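Chemist: build me a structure from this.
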Amino acid sequence: MTSTPQAQSPEGRKARPEHLGHVIFIAAAAAMGGFLFGYDSSVINGAVVAIRDRFDVGPEVLAQVIAAALIGCAIGAATAGRVADRIGRIRVMQIAAALFTVSALGSALPFALWDLAMWRVLGGVAIGMASVIGPAYIAEVSPPAYRGRLASFQQAAIVIGIAVSQLVNWAILQVADGEQRGKIGGLEAWQWMLGVMVVPAMLYGLLSFVIPESPRFLISVGRQDKARQVLRDVEGKEVNLDVRVAEIEENMRHEHKPSFKDLLGSRFGFLPIVWIGIGLSVFQQLVGINVIFYYSSALWQSVGINPESSFFYSFETSIVNILGTVVAMIFVDRIGRKPLLLVGSAGMAISLGIAAWAFSYKTQVGDVVSLPSLQGTVAIFAANFFVLFFALSWGVVVWVLLGEMFPGRIRAAALGVAASAQWIANWLITVTFPTLSDWNLSGAYVIYTFFALLSIPFILKWVPETKGKALEEMG
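Modeler: So this is what the prediction gives:
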């Protein structure tokens, strides 16, 4: 059997699926979990002021409610891998869709602040599960030649979810005469914003019923004939299916169901490759990207921009995010993962440093906050360039790498740990930004600049290049 991977890998890498559109549809459906994450991340942005007024809470408590979903995300991410290995990738998607649907309804109709936080935690569990299973599933059903581009659908779905939620929020506000607490059909506008999340949650669930199970999982439960059928659909008729199945079986013979213990193996606790995954996840968040999406409206208003304009700038940033993601999708399989990460880190560090300089000119007289005209313009451009460089690099490439860089025997479990670390770092940035902003907005951006710079030696020394490799080659 030692010759099997050698005989198959070049063929598998070059194979172009006969029905590429079908493969794209499968990847897009799985990436709907990313859409839910993006939608949930941004939809709360339009409801922050109303929630604060409705429940009469200060910024610290409000930040905890906003970030509550991220605790659930960490829980969902940590458990999804093992559950998926037992009941399948598709079943985990369906469970996530059901949980998110219930969460959206509960968040729209809370009795109290604790109630709202509880529903957001439940929704977070769903998003965490989807964030793990999406990249893993896409990696397992994608032909190697297209895997980077298809895996980037996860981030594309996230940024589209962000943009769509902002448009929906804007439309709801128009119906409510511009008031977050304006009444529509007996409910306040912000309740509609959170409740509309039922629609993408149900769509995610419905799509999960029309896409195939992962071939690797099918083989693991003895359904080789069904696995051959899926492989034929996603990798093309030119692929020798018997050889392909034998290759996967040979790889899996050296595996066992992953557990947390399997991730351990060095004096530093985790295996080195697991630490690299955790590092990628943590750096992706410590540059402060989600400050833009959770607090963008409040951020621009905090430096003197009126609410109407702050919505425009937030939506503009979402468009830049989408454009950057498209750039990454085009180049991730052409120039590789590491070059994109390096370009992104350098661009983010420069943009964040310029933003820190601009915000240092923030002034406040009484309740009136402002930036000088020049610095205000510079801050807006710097924020957009920051999002652009993030989107064309770390936003896409981290999800691609997490889906493909781990050896098969630990992939699901390692991805769960890395994704959990990402949610914890996201939570840390989310809950600390209001306090950092009140202390020194420019200082907060100096901290984010430092982490962007620190990511460069991390990439150069530790991050592997996985471009063009079959999953069975990861070791």
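Chemist: all contacts plus neighbour counts: C-alpha atoms, from now on.
Modeler: OK.
Chemist: please enumerate the strands of the protein.
Modeler: 183-184, 187-188, 264-266, 269-270, 363-365, 368-370 (DSSP state E).
Chemist: worst average pLDDT in these?
Modeler: Lowest mean pLDDT within these: strand 368-370, at a mean of 62.
Chemist: what's the average pLDDT for stretch 379-386?
Modeler: Here stretch 379-386 scores 88 as its mean pLDDT.
Chemist: identify the residues contacting that stretch?
Modeler: Applying C-alpha atoms under 8 Å, 6 or more residues apart in numbering, the external contacts of stretch 379-386 come out as Y313, T317, V320, G347, M348, S351, L352, I354, A355, A358, F359.
Chemist: please name the residues that touch the nearest residue to the fourth one once chain neighbours are set aside.
Modeler: In space, and not counting its chain neighbours, G347 is closest to F389: 5.6 Å by C-alpha to C-alpha, 6 or more residues apart in numbering. F389 makes contact with G324, V343, G344, S345, G347, M348, according to C-alpha under 8 Å, 6+ apart.
Chemist: reformat those residues as a markdown table; add distance to A139.
Modeler: Formatted as a markdown table, those follow (distance: C-alpha to C-alpha, whole Å):
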| residue | distance to A139 |
| --- | --- |
| G324 | 22 |
| V343 | 24 |
| G344 | 23 |
| S345 | 25 |
| G347 | 28 |
| M348 | 28 |
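Chemist: just flag the most distant two among those residues.
Modeler: G324 and S345 (13.8 Å; C-alpha to C-alpha).
Chemist: give me the common contacts of those two.
Modeler: F389, F390.
Chemist: please say which of these two ends up with more neighbours.
Modeler: Taking neighbours as other C-alpha atoms under 10 Å, G324 and S345 compare with S345 leading, 27 against 23.
Chemist: just the contacts of stretch 379-386 now: which is nearest S420?
Modeler: Distances from S420 to the contacts of stretch 379-386, taken by C-alpha to C-alpha, are shortest for M348, at 23.7 Å.
Chemist: that closest one contacts F451, doesn't it?
Modeler: No. The criterion here is C-alpha atoms under 8 Å, and M348 misses it with F451 at 9.8 Å.
Chemist: show me which of the two is the more surrounded one.
Modeler: Counted by other C-alpha under 10 Å, M348 and F451 do not tie: M348 has more neighbours, with 29 against 21.
Chemist: what's the pLDDT at the more buried one?
Modeler: At M348, pLDDT is 97.
Chemist: try S259
Modeler: Model confidence at S259 (pLDDT) stands at 59.
Chemist: where does the chain have its least confident helix or strand?
Modeler: helix 4-14 (a mean of 43; mean pLDDT, DSSP states H and E).
Chemist: any low-confidence regions in this structure?
Modeler: Within the chain, the stretches with pLDDT under 70 are 1-19, 254-262, 264-268, 293-313, 364-369, 468-475.
Chemist: so in it, which helix runs the longest?
Modeler: The helix that spans the most residues within the chain, counting by DSSP state H, is helix 411-462.
Chemist: for that one, packing partners?
Modeler: On a contact count with 3 or more C-alpha pairs under 8 Å, 6 or more residues apart in numbering; DSSP states H and E, helix 411-462 meets helix 59-87, helix 113-141, helix 272-286, helix 289-302, helix 337-359, helix 394-404.
Chemist: what angle do it and helix 337-359 make?
Modeler: Orientation check (axes from the mean of the first three to the mean of the last three C-alpha atoms, to 10 degrees): helix 411-462 against helix 337-359 gives 70 degrees.
Chemist: ok now helix 411-462, how far from the chain's centre?
Modeler: 14 Å (C-alpha atoms, centre = their mean, to the nearest Å).
Chemist: please apply the same query to stretch 150-158.
Modeler: Centroid separation between stretch 150-158 and its chain, computed with C-alpha atoms, centre = their mean, is 8 Å.
Chemist: CA atoms of that stretch as CSV?
Modeler: Taking Å, rounded to 0.1, in the frame of the first residue of the first chain, the C-alpha atoms of stretch 150-158 are listed here in CSV:
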residue,chain,number,x,y,z
LEU,A,150,-13.3,26.6,-1.9
ALA,A,151,-12.1,26.8,1.7
SER,A,152,-12.1,30.6,1.4
PHE,A,153,-15.9,30.4,1.0
GLN,A,154,-16.0,30.3,4.8
GLN,A,155,-14.5,33.8,5.1
ALA,A,156,-16.5,35.0,2.0
ALA,A,157,-19.7,33.9,3.8
ILE,A,158,-18.6,35.7,7.0
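Chemist: what about the nearest residue to I211 once chain neighbours are set aside, neighbour count?
Modeler: Nearest non-adjacent residue to I211, counting by C-alpha to C-alpha, 6+ apart: I26, 5.8 Å away. For I26, the count of nearby residues is 22 (other C-alpha under 10 Å).
Chemist: look up how far L454 lies from I26.
Modeler: From I26 over to L454 the distance is 36 Å, taken as C-alpha to C-alpha, to the nearest Å.
Chemist: now do A108
Modeler: A108 is 40 Å from L454, by C-alpha to C-alpha.
Chemist: same question, G58
Modeler: Distance of G58 to L454, given as C-alpha to C-alpha: 33 Å.
Chemist: so for the two, which residue has more residues nearby?
Modeler: L454 (15 against 10).
Chemist: got the contact list for that one?
Modeler: With C-alpha under 8 Å, 6+ apart, L454 has no contacts at all.
Chemist: could you do I278 as well?
Modeler: V417, A418, A419, A421, Q422.
Chemist: one more pass at 6 Å, please.
Modeler: For I278, the contacting residues are A418, by C-alpha atoms under 6 Å, 6 or more residues apart in numbering.
Chemist: so R149 makes contact with M329?
Modeler: Yes. The criterion here is C-alpha atoms under 6 Å, and R149 meets it with M329 at 5.1 Å.
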